[in-house]
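Predicted model follows, preceded by the sequence.
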Amino acid sequence: MTDMAVKPAPAPARSAPAPRPRRRPGGWAIVRAALRVLATLAILFFVLFPILWMALTAFKPARDAFSTAVVFAPTLDNFAAILGGASDLTGALVNSVLIAVATTIVSIPLALLAAYAFSRYRFPGHRGMLLAIVATQFIPGVAIALPFLTLFRSLGLIDTHLALVVVNLSLVVPYITWLLKGFVDGLPIEIEEAARLDGCGQVSLLWRVITPLAAPGIFVAAVFSFLLSWNEFLFPTFLARTDASTLPVALMTLVLPEGVAWGQMAAAGLLVMAPMLIMALLVRKHFAEGMTMGAVK
Amino acid sequence: MVATTVPPPRPRSRMRKHAVPYLHLAPALLAVVLTTVYPLVSALITSFRHWRLNETREAGEFVGLEQYQRVFTDDTFFNSALVTLQFTVISVVLSVGLGLGIALILNNRTRLSALTKALLILPFAVAPALKGFSWRFMLNPDTGVYDQMLDTVLPFADDINWLGDPFWALMVIALTEVWGWAPLIALMLLGGLNSISPEVREAATIDGANAWQRFWRVTFPLLRPLLLIVIFLKAVFSVKIFDQVVTTTGGGPGRATESLNFFAYSQGFTFLDIGYASAVSWVIVLVLGVLATMYLIAMAKQEAK
């Protein structure tokens, strides 16, 4: 009360034009904003152009494949050629799908169980095993592919789906275990405690409580698992060159003695990348932390 | 004692106490051991044995360290080590530098930035093998769209046969990597930039720091642990470069783009010298082991904060 009385009358301040704390966007600010927009557009160009160019080339008729023309009569010839036509890649496409699906179906339950153990229990070797899981990502592919090359040769498993699913586990299981651990860490433990008090056993707890709660995480893990096996190139290069070869390796068959069939390559490329681009957009919020195994949150 | 609904904990042995988590871990552990530890050990044993697949089906006699001696006297191995080192430095510098630039440009709340951020992950989702083909196509010295753009801007670029020149061929492979990684690194760094409270920067502004000083004195030090992690991560993946070497140059011109992984691959798969290739692959394991240890230490430090 007394404070108010002491305060000087605000009247003079009001009549005078109040000094604005922020100046109106003047010359500098406009230049800076414009530069920022230009730089952002340059980033968009850098990121998107190779993708758009491949998509465009895929629909170009043969005579335009090498031109930089943006206007042309679109055709599906290239897709016809790789899907049942002269340079058929249908087999590789089917292989890619089968192997990625099988890898995902096998990996998810293993990884979810392990993630749950890492998240909910402390036990001797906890930290060591977690570190080991991160460390597996640093193993060079050749050191895994070479021994499996000789092993699968003697077992008669070279160039089979099974061979690729097995080696893919080395990439996928550690990776999604780490990913799922993050998700299980985020689940409130109270629900589990309540379920246990209600007499829920461990198996039904995992199946009826954890799995539905972790469903969004399982979805993200499935997407990453699919993406990793789909894009894998080194393993099929060593272990499945023909019968079980996947799409990225089968692209090599479009490199012909007379040159690369770029139109068909672009069409096949679109087939390889389009599903992954969609999947990446679906899980984009988890990409940065996903790729670094939780180092960056 | 008063009866409770929860049974009192029974005394258990150490092993039984932890039986539940171990049982949960067992299947994944088995899969990981079978697909990573088994091949690593197997490759180590093979690296001490003579084994050419074109001579014998089974592994031959033990030759001790002979094949490791061969590795370290093999000029073509040293060439691939040097190529890998150059490639790693180029791609780390370009990816992290460009990634940081992208992050700083997009570190605002405009709609255009939000859209760009959402699209940043796209290149990383493209199969690396395909990235190789795509850039090889765009940099075709006669018809490639990037080649023609560059020729317009830089007249001297007209004479460059991108994949036929030893320096540029390695640069092109690095660019395919940078295309995927720089945007991803930008995303990671944007996460870090977000966690820097705006008050810190406002305080610096009030103290009269200009944009340049604010970056080097405030933003950069706070971002440094994250940058370190990103650099190690990119370095590890660069040392493992393989896919794009196969799909752009096949190691050429000459041996100018033969990376370590590609060298091990050609020894094992093309020349069928499994013993020697195993020794080479274990040298790569050790190199990456050093990098991985540094990475894990950097990560542990970051976690401790």
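That came through fine.

name the element B:Val283 belongs to?
helix B:274-304 (DSSP states H and E).

Could you report the neighbour count for B:Tyr22?
Taking other CB atoms under 10 Å in any protein chain shown as the criterion, the count of residues near B:Tyr22 is 15. C-beta here means a position set from N, CA and C on the backbone, and glycine is covered the same way.

likewise B:Leu94?
B:Leu94, neighbours per other CB under 10 Å, totals 19.

how about the nearest residue to A:Ala261 once chain neighbours are set aside, what does it touch?
Nearest residue to A:Ala261, sequence neighbours excluded (CB to CB, 6 or more residues apart in numbering or on different chains): A:Leu254, at 4.8 Å. By CB atoms under 8 Å, 6 or more residues apart in numbering or on different chains, the contact set of A:Leu254 is A:82, A:87, A:260-261, A:264-265, A:268.

Identify each buried residue in stretch A:65-83, please.
A:65-66, A:78-79, A:81-83 (16 or more other CB atoms under 10 Å in any protein chain shown).

Cross these against helices and list the overlap.
Residues of these located in helices (DSSP state H): A:78-79, A:81-82.

sorry, back to before: which pair in the contacts of A:Leu254 spans the largest distance?
A:Ile82 and A:Val260 (13.3 Å; CB to CB).

Who are the contact partners of the residue found closest to A:Gly141 once you drop the neighbours it is linked to in the chain?
Nearest residue to A:Gly141 in three dimensions, chain neighbours excluded: A:Leu234, at 3.9 Å (CB to CB, 6+ apart). Contact analysis of A:Leu234 by CB under 8 Å, 6+ apart lists A:141-142, A:145, B:242-243, B:261, B:265.

Is stretch A:154-170 in proximity to chain B?
Yes. Using CB under 8 Å from any CB of the partner chain, stretch A:154-170 comes into contact with chain B via A:154, A:166-167, A:169-170.

who touches that stretch?
A:95, A:98-99, A:102-103, A:106-107, A:136, A:139, A:144-145, A:148-149, A:152, A:228-229, A:232, A:235-236, A:239-246, B:31-32, B:34-36, B:39, B:57.

ok, of these, which come out buried?
By neighbour count, with 16+ other CB under 10 Å, these hold A:95, A:99, A:102-103, A:106-107, A:136, A:139, A:144-145, A:148-149, A:152, A:228-229, A:232, A:235-236, A:239-240, A:244-246, B:31-32, B:35-36, B:39 as buried.

ok so, going back, now, among the buried residues of stretch A:65-83, which is nearest to B:Gly101?
Nearest to B:Gly101 among those is A:Phe66, at 33.0 Å by CB to CB.

contacting residues for the closest residue to the closest one other than its chain neighbours?
Among residues not flanking A:Phe66 along the chain, B:Thr143 sits closest, at 4.0 Å (CB to CB, 6+ apart). Contacts here follow CB under 8 Å, 6+ apart; on that basis B:Thr143 touches A:66-68.

could you redo those as JSON lines and give each row pLDDT and distance to B:Ser91?
Shown next, in JSON lines, are those (pLDDT from 0 to 100; distance: CB to CB, whole Å):
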{"residue": "A:Phe66", "pLDDT": "74", "distance to B:Ser91": "29"}
{"residue": "A:Ser67", "pLDDT": "75", "distance to B:Ser91": "31"}
{"residue": "A:Thr68", "pLDDT": "74", "distance to B:Ser91": "27"}
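
Which single one of these is nearest to B:Glu61?
Among those, A:Phe66 lies closest to B:Glu61 (CB to CB), at 54.5 Å.

residues of the helix or strand where A:Phe118 lies that come out buried?
Element membership of A:Phe118 [criterion: DSSP H and E] is helix A:90-120. Within helix A:90-120, the residues that qualify as buried are A:92-93, A:95-96, A:99-104, A:106-108, A:110-120, counting by 16+ other CB under 10 Å.

How about stretch B:201-220?
Quick answer for stretch B:201-220 (16+ other CB under 10 Å): B:201, B:204, B:209, B:214-215, B:218-219.

For A:Gly128, state which of those is nearest.
B:Thr219 (35.6 Å).

roughly how far apart are the closest residue to that closest one other than its chain neighbours and A:Pro275?
Excluding its sequence neighbours, the residue lying closest to B:Thr219 (CB to CB, 6+ apart) is B:Ile196, at 6.5 Å. Remark: distance between B:Ile196 and A:Pro275 (CB to CB, to the nearest Å) = 36 Å.

out of the two, which sits in the busier spot?
Neighbours per residue, other CB under 10 Å: of B:Ile196 and A:Pro275, the larger number sits with A:Pro275, 17 against 14.

What values do phi and psi take at the more buried one?
With angles defined as degrees, to the nearest 10, A:Pro275 sits at phi -60, psi -30.

ok, it - contacts?
A:Trp230.

cutoff 7 Å now
Not one residue lies near A:Pro275 by CB atoms under 7 Å, 6 or more residues apart in numbering or on different chains.
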